[in-house]
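# model this:
(4 chains)
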2 protein chains.
Amino acid sequence: MSEKQDTELIIKEAARDIFLKKGYAGARMQDIADKAGINKALLHYYFRSKEKLFDVIFFEQFGKLIGQVKEGLRGDMNLHDKIEFFVDKYIGLLEQSPYLPLFVINELSRDSERFIDKLKSFEVYPEAASMIGMMMQEMEKGAIKKYHPFHLLMNIMSLSVFPFIAKPMIMTITQVKDEDWKELMADRKEQVKAFIFNALEI
Amino acid sequence: MSEKQDTELIIKEAARDIFLKKGYAGARMQDIADKAGINKALLHYYFRSKEKLFDVIFFEQFGKLIGQVKEGLRGDMNLHDKIEFFVDKYIGLLEQSPYLPLFVINELSRDSERFIDKLKSFEVYPEAASMIGMMMQEMEKGAIKKYHPFHLLMNIMSLSVFPFIAKPMIMTITQVKDEDWKELMADRKEQVKAFIFNALEI
DNA sequence: ATTTGCATTAACCATTTGGTTAAATTTTTT
DNA sequence: AAAAAATTTAACCAAATGGTTAATGCAAAT
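Sure thing, here's the model as predicted:
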């Protein structure tokens, strides 16, 4: 009985690893089986097909990403603290799961139709609306500079997420080495927050 | 003779389309042949293997992306105009080639080792150094706020590129419709520039 | 101890996929 | 016009890949 739980978890961990790194098209069932240390047939015994296994992983990972967004947007802090919290949380998450955003983006980009119904349950609208409302209030008050709230939110996200997505490209282009990158990224949170707050300062 | 040029071009155009949308692993030689309206064997006659064909496309596209970066960084404008020029140019490029950045990022992410030698010829270091030098000068003068130049450059790029990469994800999360997205993106250039300049303003 | 039912595997299967070959067609050269 | 060279195709091949099956192992229930 605990065997079943165990094996299923082991498979899922292996699948997550492979799918995150290689994407759906690049992943091989055999590789997942090997990484899990089991027979390939057992994958199908537990998850029936590559697509079904993939979906399990994808929704889990999507949930993880969205969950962090929602958590970052929610809460009763003032705008400044909210932004600070969001950037810290988000960059923190990506430091631990660097493959996550590119994976989700890729698979949604590949075929968003396929997921669209099942993804509705993850909606962030309430949380986003609350944050946007707060932004507009502050802008009205004249407490911060005026921007289109959608773009402001997009900017916060862009600054937090992009470096993780673009790392291999940036490193190739700039020929920055691994250690230098690490060092640079250690400063990222502070640099992003300063940039945002300065852009908002009236 | 002109046949040869013609066919090669037709194949490359088809290959570009398929590879950009599906990536290396997701692309099928048969699909490329179909799109080009030719026999699959002819692909191999012209390009020998999937990998070789892919490399031709990849380096072309990488060059396009990097070329734009270099062009954006070069020039004898002052910093303000340079940033303006860069953002306009870059977002303009991506409006026309929305698949480009995700494609390059993905394939470099998949296996950057494979390309690293061949990509050295594209180096943007001189142009980047010139821009970074200019930034540091302005910061020293007290003309703009102080940031780590690397992060400032990264921020400019993040704000310009991220929305194009994350479009399917953002649209899914926010349930923004296609027309709304288009409308929002029409403002993007201005919003990004304003955000950057406000963040730099002392 | 035997049966029962789930977990696991080895071997196998059908399809897909990148790639090849030999012949046919077209173009270029002589 | 004939020969030679280049281009294009139909048919084929071998390996890879997702998936299945039938047998085996194994723990719990009888």
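
# ranges for the helices of chain A?
Here chain A has its helices, by DSSP state H, at A:2-26, A:29-36, A:40-47, A:50-73, A:79-96, A:100-110, A:112-119, A:125-141, A:149-174, A:178-186, A:188-200.

# pLDDT on the longest one, on average?
pLDDT averaged over helix A:149-174 equals 96, rounded to a whole number.

# just to revisit the earlier point, of all the helices of chain A, which one is nearest B:M134?
Ranking those by distance to B:M134, with CB to CB as the measure, places helix A:149-174 first at 16.9 Å. From N, CA and C alone the C-beta is placed, and that goes for glycine too.

# okay, the angle between the closest one and helix A:125-141?
For helix A:149-174 against helix A:125-141, the angle by axes from the mean of the first three to the mean of the last three CA atoms, to 10 degrees is 100 degrees.

# helix A:149-174 close to chain B?
Yes - Helix A:149-174 is in contact with chain B by CB under 8 Å from any CB of the partner chain, via A:150-152, A:154-155, A:157-159, A:161-163, A:165-174.

# how about the helices of chain A in JSON lines, adding mean neighbour count and distance to B:F103?
Formatted as JSON lines, these follow (neighbours: other CB atoms under 10 Å in any protein chain shown; distance: least, CB to CB, whole Å):
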{"stretch": "helix A:2-26", "mean neighbour count": "16", "distance to B:F103": "13"}
{"stretch": "helix A:29-36", "mean neighbour count": "18", "distance to B:F103": "23"}
{"stretch": "helix A:40-47", "mean neighbour count": "16", "distance to B:F103": "30"}
{"stretch": "helix A:50-73", "mean neighbour count": "18", "distance to B:F103": "21"}
{"stretch": "helix A:79-96", "mean neighbour count": "17", "distance to B:F103": "21"}
{"stretch": "helix A:100-110", "mean neighbour count": "22", "distance to B:F103": "10"}
{"stretch": "helix A:112-119", "mean neighbour count": "14", "distance to B:F103": "17"}
{"stretch": "helix A:125-141", "mean neighbour count": "15", "distance to B:F103": "29"}
{"stretch": "helix A:149-174", "mean neighbour count": "22", "distance to B:F103": "10"}
{"stretch": "helix A:178-186", "mean neighbour count": "12", "distance to B:F103": "22"}
{"stretch": "helix A:188-200", "mean neighbour count": "20", "distance to B:F103": "25"}
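
# what does the lowest-mean-pLDDT helix or strand in chain A contact?
In chain A, the helix or strand scored least confidently by mean pLDDT, DSSP states H and E is helix A:112-119, which has a mean of 89. Here helix A:112-119 makes contact (CB atoms under 8 Å, 6 or more residues apart in numbering or on different chains) with A:F58, A:F59, A:F62, A:E107, A:L108, B:P168, B:M171, B:T172, B:I173.

# quick one, what contacts the last one?
With CB under 8 Å, 6+ apart as the criterion, the residues that contact B:I173 are A:I66, A:V69, A:L119, A:F122, A:E123, A:V124.

# out of those residues, who's nearest B:I11?
A:L119 (36.9 Å).

# show me what from chain A comes close to DNA strand D.
For chain A, the residues in contact with DNA strand D (CB under 7 Å from any atom of the strand) are A:M1, A:A27, A:R28, A:M29, A:Q30, A:K40, A:A41, A:H44, A:R48, A:S49, A:K50, A:E51.

# most widely separated two among the residues you listed?
Distance extremes for the residues of chain A next to DNA strand D: the farthest pair is A:M1 and A:R28 at 30.3 Å, using CB to CB.

# of those two, who's got more company?
A:R28 (13 against 5; other CB atoms under 10 Å in any protein chain shown).

# look up phi and psi at that one.
Dihedral pair for A:R28: phi -120, psi 130, per degrees, to the nearest 10.

# just the pLDDT for it.
At A:R28, pLDDT is 98.

# which intervals of chain A have sub-threshold pLDDT?
Within chain A, the stretches with pLDDT under 70 are A:1-5.

# give the contact list for A:A143.
Here A:A143 is in contact with A:I202 (CB under 8 Å, 6+ apart).

# next, it: phi, psi?
phi -80, psi -30.

# ok, now A:P98?
The phi and psi values for A:P98, taken as degrees, to the nearest 10, are phi -70, psi -20.

# one more: A:G37?
Backbone dihedrals for A:G37, given as degrees, to the nearest 10, come out at phi 70, psi 30.

# now A:D187
Here is the backbone geometry of A:D187 (degrees, to the nearest 10): phi -90, psi -10.

# number of nearby residues for it?
Around A:D187 there are 14 residues (other CB under 10 Å).

# what do you get for A:G75?
For A:G75, the neighbour count with other CB under 10 Å is 14.

# wait, what's in contact with it?
Counting by CB under 8 Å, 6+ apart, A:G75 has contacts A:K82, A:F85.

# please report how far it lies from chain B.
In this view, A:G75 and chain B are 19 Å apart by CB to the nearest CB, to the nearest Å.

# sorry, back to before: I'd like the helices of chain A as TSV, with distance to DNA strand C appended.
Listed next are the helices of chain A as TSV, based on distance: least, CB to the nearest atom of the strand, whole Å:
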stretch	distance to DNA strand C
helix A:2-26	3
helix A:29-36	8
helix A:40-47	3
helix A:50-73	12
helix A:79-96	29
helix A:100-110	14
helix A:112-119	17
helix A:125-141	37
helix A:149-174	23
helix A:178-186	31
helix A:188-200	38
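
# would you convert the ones you listed into a markdown table that also reports distance to B:E179?
A markdown table is the format used below for the helices of chain A (distance: least, CB to CB, whole Å):
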| stretch | distance to B:E179 |
| --- | --- |
| helix A:2-26 | 29 |
| helix A:29-36 | 40 |
| helix A:40-47 | 39 |
| helix A:50-73 | 24 |
| helix A:79-96 | 28 |
| helix A:100-110 | 19 |
| helix A:112-119 | 17 |
| helix A:125-141 | 18 |
| helix A:149-174 | 14 |
| helix A:178-186 | 37 |
| helix A:188-200 | 28 |
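
# which one of those lies nearest to B:D76?
It is, among those and with distance given as CB to CB, helix A:149-174, at 22.6 Å.

# got the angle between the closest one and helix A:178-186?
Going by the same axes, to 10 degrees, helix A:149-174 makes 160 degrees with helix A:178-186.
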